[in-house]
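Undergrad: how would this look folded up:
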Amino acid sequence: MIDKAADDHMSEKSIQLRSQSEAQALFGPQDDYLRRLRQLTDVQIVLRGNVVVLSGEKDRVNQCEDLLQSWRTILNKNQELLDSDVTKSLDSNPDHDEHDKDYLEQDMLNDTDRAEERSSVEVSTRTREIRAAQAGRDKVSAVRAKTPGQASYMEAMSEKSLVFCDGPAGCGKTYLAVATALQALRDEEVRKIVLVRPAVEAGEKLGFLPGDMFAKVNPFVRPLLDAMNDMLDFDQVRRYMANDVIEIAPLAFMRGRTLNDTFMILDEGQNTTITQMKMFLTRMGVNSRIVVTGDATQNDLPKGTVSGLQDGIRRLSGIDGVEIVRLTGQDIVRHRLVRQIVSAYEADDSDT
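TA: Below is the predicted model of the structure:
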């Protein structure tokens, strides 16, 4: 912690946080906790990376620091910061002495008190998930591999610049790629995420789609958005997209671009042609990473067209920095029937 006193009355302090996730939890939904803290203390609070900088009158800065540190203690112990915790701390006397402050902190941390608070209302599992998201908790850092194949896939994405993943429906190809991209963004390994999908219809013609570009491509990138919305609060996803931190683009719009410090995900890669795959892969700029996912058994290209996914795997498998991951039916983590459905179709295909 750094204390830089400008004079006898003004002060600036810095608090080093563990991660962006901790900052989001401390600041609350739509930065609500942060606004309330500013209103109470009249201190300027700025987040620079993972560092919270407090500036203002010395006594006020100290008061603000004490409150933030007490919130961090609660968050570290309970893995969440509830609105009731924040309200209790802000409603307390800001001029309390050290004894009162310690008493307040212990009171807020009291497990029995918190248990009684939770038991006062019957809360469903879904409601708890919503409350956790609103308190800044999300699923990004909690995503874990559930099979050995998924573990190999996540390891490859963290270590290699280009990863191809071929596997059946339901094995987590898209979900884990999105989780890895979001974690890389949180860790400031990249500055931007680009989600790309070829606009190929699955065996039926949708015809003219109304709306702007996003509305037209939305049906095709819906699985990527579903994965992201499952991990993050909706408002946070909207802010990321509004600030161009997360971009959704049709594959055709990638031509001519060079993307630096970007995590790119190409979903449904089996529906790209060889030319399209080459075009996409060569968008990689400095400090960028690419993950290409697809299922070779669900090719929707015109008959006789070679899939860019299969061709790319064949051509690039021996290059340093490129990893090929093949998931199987054993990696399927959707409904228990999905694995049996996939196996039944694979068995039928092998017989014919």
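Undergrad: which residue packs closest to residue 18, ignoring adjacent ones?
TA: Distances taken as Cβ to Cβ, 6 or more residues apart in numbering put residue 50 closest to residue 18, at 7.1 Å, once the chain neighbours are dropped. Backbone N, C-alpha and C define where each C-beta goes, glycine included.
Undergrad: List the buried residues in the host helix or strand of residue 76.
TA: Applying DSSP states H and E as the criterion places residue 76 in helix 58-78. Across helix 58-78, burial judged by 16 or more other Cβ atoms under 10 Å covers 58, 60-68, 70-72, 74-75.
Undergrad: And the helices in the chain?
TA: For the chain, the helices defined by DSSP state H occupy 20-27, 32-41, 58-78, 83-91, 98-109, 111-119, 125-134, 148-159, 173-186, 213-231, 234-242, 274-281, 308-316, 336-351.
Undergrad: and of those helices, who's closest to residue 263?
TA: In terms of Cβ to Cβ, the element of the helices of the chain nearest to residue 263 is helix 173-186, at 4.1 Å.
Undergrad: With only the CA atoms kept, save that closest one in CSV.
TA: What follows is helix 173-186, C-alpha atoms only, in CSV (Å, rounded to 0.1, in the frame of the first residue of the first chain):
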residue,chain,number,x,y,z
LYS,A,173,-15.7,-26.6,-27.2
THR,A,174,-17.4,-23.2,-27.4
TYR,A,175,-18.1,-22.7,-23.7
LEU,A,176,-14.5,-23.4,-22.6
ALA,A,177,-13.1,-21.2,-25.4
VAL,A,178,-15.3,-18.3,-24.3
ALA,A,179,-14.3,-18.8,-20.6
THR,A,180,-10.6,-18.9,-21.5
ALA,A,181,-11.0,-15.7,-23.6
LEU,A,182,-12.8,-13.9,-20.8
GLN,A,183,-10.1,-15.0,-18.3
ALA,A,184,-7.4,-13.8,-20.6
LEU,A,185,-9.2,-10.4,-20.8
ARG,A,186,-9.5,-10.2,-17.0
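Undergrad: what about that helix, distance to the chain center?
TA: Mean-position distance between helix 173-186 and its chain equals 6 Å (Cα atoms, centre = their mean, to the nearest Å).
Undergrad: can you check stretch 139-146 too?
TA: 10 Å.
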